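Peer 1: need coordinates for the below:
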Amino acid sequence: LESLTRIAKSCGWVWMFAGAAIITDRPHVLRRDDQTRLHCEDGPALEYRDGFTIYAWHGTRVPKEWIEDKASLSAKTALTWTNIEQRRAALEIVGWHNVLRELNAKVVDEHPDPHCGALVEVQLPDLDHKSRFIHARCGTNREFAIGVPPGVQTVIEAQAWLTGLPVSEFQFPTIRT
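Peer 2: Just a heads-up that it's a prediction; the model follows:
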């Protein structure tokens, strides 16, 4: 047991097999977000001395270029990326304000409180019709945009639809968490 304890203190992952063991080095770089997910906005989130790296955005593995050369990541690429979790990360990296600007979003209705948001209409790549989104800030001040039905005309209608309440029963929350 003492030998295993020494190994655990001096290396990374260890897999023991009958007659063999796989022992890895500890990472040279390990960066995480406040929820301990792999995350780094300007470099690898995980790096070993042999050069192996992992780039991650809030726990989602992303291509190196998205972190090292953010200008190469366009809204169109982010919106059409096949992997949905990587698409979410790409949209956060690009920034919703940039995505909506690049798509020439038209504001249909806007609430003065950014937490309540703005109802916007955009032409998404690869679609033959316009789409509507509620663009708002959550309680943690992160921006997001969520699709709403095309018939939605106001911010309050969009927010009510998101909660599943009729507009007549919906009220904006006074406290956001």
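Peer 1: count of neighbours near Leu46?
Peer 2: 18 (other Cβ atoms under 10 Å). Where you see a C-beta, it was placed from the backbone N, CA and C, and this is true even at glycine.
Peer 1: list the contacts of it.
Peer 2: Pro27, Val29, Leu30, Arg31, Leu38, Thr53, Ile54, Ala56 (Cβ atoms under 8 Å, 6 or more residues apart in numbering).
Peer 1: okay, those in TSV with distance to Glu157 and secondary structure next?
Peer 2: Below are the contacts of Leu46 laid out as TSV (distance: Cβ to Cβ, whole Å; DSSP: H, G, I helix; E, B strand; the rest coil):
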residue	distance to Glu157	secondary structure
Pro27	49	coil
Val29	47	strand
Leu30	45	strand
Arg31	41	coil
Leu38	38	strand
Thr53	46	strand
Ile54	42	strand
Ala56	37	strand
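Peer 1: put the buried members of the residues you listed into a PyMOL selection.
Peer 2: Selection of buried members from those for PyMOL, criterion 16 or more other Cβ atoms under 10 Å:
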select buried, resi 27+31+38+53+54+56
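Peer 1: the contacts of Leu46 into TSV, with extra columns for pLDDT and distance to Gly117?
Peer 2: Compiled in TSV, the contacts of Leu46 are given as follows (pLDDT from 0 to 100; distance: Cβ to Cβ, whole Å):
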residue	pLDDT	distance to Gly117
Pro27	92	40
Val29	96	37
Leu30	96	36
Arg31	98	31
Leu38	97	30
Thr53	97	37
Ile54	98	34
Ala56	98	28
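Peer 1: and of the contacts of Leu46, the nearest to Val14?
Peer 2: Pro27 (14.3 Å; Cβ to Cβ).
Peer 1: where's that closest one relative to Gln86, distance?
Peer 2: 22 Å (Cβ to Cβ, to the nearest Å).
Peer 1: can you redo the contacts of Leu46 as CSV with distance to Leu79?
Peer 2: As requested, the contacts of Leu46 are exported to CSV (distance: Cβ to Cβ, whole Å):
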residue, distance to Leu79
Pro27, 33
Val29, 31
Leu30, 31
Arg31, 27
Leu38, 24
Thr53, 26
Ile54, 24
Ala56, 21
